[in-house]
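Chemist: predicted model, plus sequence, below.
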Amino acid sequence: MSLRTPLSRVIGRGSAGEGVGHWWIQRVTAIALLPLTAWFVISLLGQSLQSYDAMRGWLGQPWVAVLTILLVFTLAWHSRLGVQVVVEDYVHGKGAKTTLLLLSTFVHIGAAVAGIFAILALALS
Amino acid sequence: MNQRPLSPHLGVYKFMYTMSLSILHRITGCAASFGFLVFVWWLMALASGPAAYASAMSCLGSPFAKLLLVGFTFSFVYHFCNGIRHLVWDTGRGLERAQARRSGLVVIVVSLLLTSAAVWFGCRAIDVLSTGVAP
C-alpha cells in the first residue's frame, strides 16, 4: 500500500516538489552547450585575441553576438544547476546551505546579465 | 542509533580509477563555473573599452595565468568529453563495468590530445600576433 496521495502521484513531483526538472534541464543545457562551447572555442582560437578592435569587430557581428548570448545564458543555467548539486551534497547546515544556494543564484544571474549586457553593448554600439 | 545499519560508503570499495574520473567531473565542473565568471569579466572588459581590455589581457597573459589557463583548458575539455560519456549513460548504454572503464580511458586520452591541440593553437596564435607571421 502506498502512503502517497492520489494527487501527489498524478502530479509526479516527488518529495522535493521538483520531479525530474533539475535532472532534465541539466541534460538539456548540457546538450545545448556541446555545439555552443565547441563553436566558441574553435572560433576564438582563430581570432587576434590581443587586438581590441579585432575582438570587438568579431563579437559585434550579429550571429556571433546571438550565439555568444546563448552561450552565456546556457552556461549560467548549467553552472547554477551543477553548483546546486555540489552545495547540497557537501554542505549540511541548513543556514549555510541556504545562504550558499542564494549566493550562487545571485552570482549566476548577475554574471549572466553582465555577460549578455556586454555582448549587446558591443553589438549595438 | 549506533546499532543501525549504515549504507556502504567510499571506504568499503576497492579503488578503481573510474572513481577518480567521477569526482574529477565534479571538480572540473566547479572549475568551469569559476571559468564562467572569468569569461564574463573578460566580456565586460571588452565592453568597457580598449584600456580595460588591455589590462584584462595583460592579467590573463601573466605566466601564472597562462599556467592556470593550460590547466583550465584540460579541465574544460575533460568536463566536455566526460559530459558526453554521462549523456550516453543517460540513454542506458555503456553501463557495463568493462565498457565504463574503457570509455573512461577514451575520455582521458581524447582530453589530453584536445588539450595539447588547443594549447598548440593558442601558442601559435600568440606567435602570429607577436611576429606577424605564422611560424
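Modeler: Yes, it's here. Numbering: from 1, shown residues only, chains lettered A, B, ... in the order given.
Chemist: from here on, just use CA atoms for contacts and neighbour counts.
Modeler: Will do.
Chemist: can you report phi and psi for B:Leu6?
Modeler: Dihedral angles of B:Leu6 (phi, psi; degrees, to the nearest 10) stand at phi -100, psi 140.
Chemist: roughly how far apart are it and B:Val12?
Modeler: Distance of B:Leu6 to B:Val12, computed by CA to CA, to the nearest Å: 11 Å.
Chemist: cool, and B:Ala65?
Modeler: Per CA to CA, B:Ala65 is found 40 Å from B:Val12.
Chemist: then A:Asp53?
Modeler: 58 Å.
Chemist: cool, and A:Ile109?
Modeler: 41 Å.
Chemist: repeat that for A:His78.
Modeler: 32 Å.
Chemist: same question for B:Ser62.
Modeler: Taken as CA to CA, the span from B:Ser62 to B:Val12 is 45 Å.
Chemist: out of these two, which sits in the busier spot?
Modeler: B:Ser62 (11 against 7; other CA atoms under 10 Å in any protein chain shown).
Chemist: picking up where we left off before, shared neighbours, B:Leu6 and B:Val12?
Modeler: Shared contacts of B:Leu6 and B:Val12, defined by CA atoms under 8 Å, 6 or more residues apart in numbering or on different chains, are absent.
Chemist: so who does B:Phe34 touch?
Modeler: Contact partners of B:Phe34, counting by CA under 8 Å, 6+ apart, are absent.
Chemist: helix or strand: which one has it?
Modeler: helix B:17-48 (DSSP states H and E).
Chemist: name the residues of that helix that are buried.
Modeler: Of the residues in helix B:17-48, those buried by neighbour count under the rule 16 or more other CA atoms under 10 Å in any protein chain shown are B:18, B:21, B:24-26, B:28-33, B:35-37, B:39-47.
Chemist: these also near chain A: which ones?
Modeler: Counting by CA under 8 Å from any CA of the partner chain, B:26, B:29-30, B:32-33, B:36-37, B:40-41, B:43-44, B:46-47 from the buried residues of helix B:17-48 sit close to chain A.
Chemist: average pLDDT for stretch A:101-114, rounded please.
Modeler: For stretch A:101-114, mean pLDDT rounds to 98.
Chemist: which outside residues touch that stretch?
Modeler: A:Val72, A:Phe73, A:Ala76, A:Trp77, A:Ser79, A:Arg80, A:Val83, A:Gln84, A:Val87, B:Leu37, B:Val40, B:Met44.
Chemist: quick check: B:Asn82 vs A:His108, distance?
Modeler: B:Asn82 is 23 Å from A:His108, by CA to CA.
Chemist: show me which residues of chain A sit near chain B.
Modeler: Checking chain A against chain B by CA under 8 Å from any CA, the hits are A:27, A:30, A:34, A:45-48, A:50, A:52, A:55-56, A:75-76, A:79, A:82-83, A:86, A:111-112, A:114-115, A:118-119, A:121-122.
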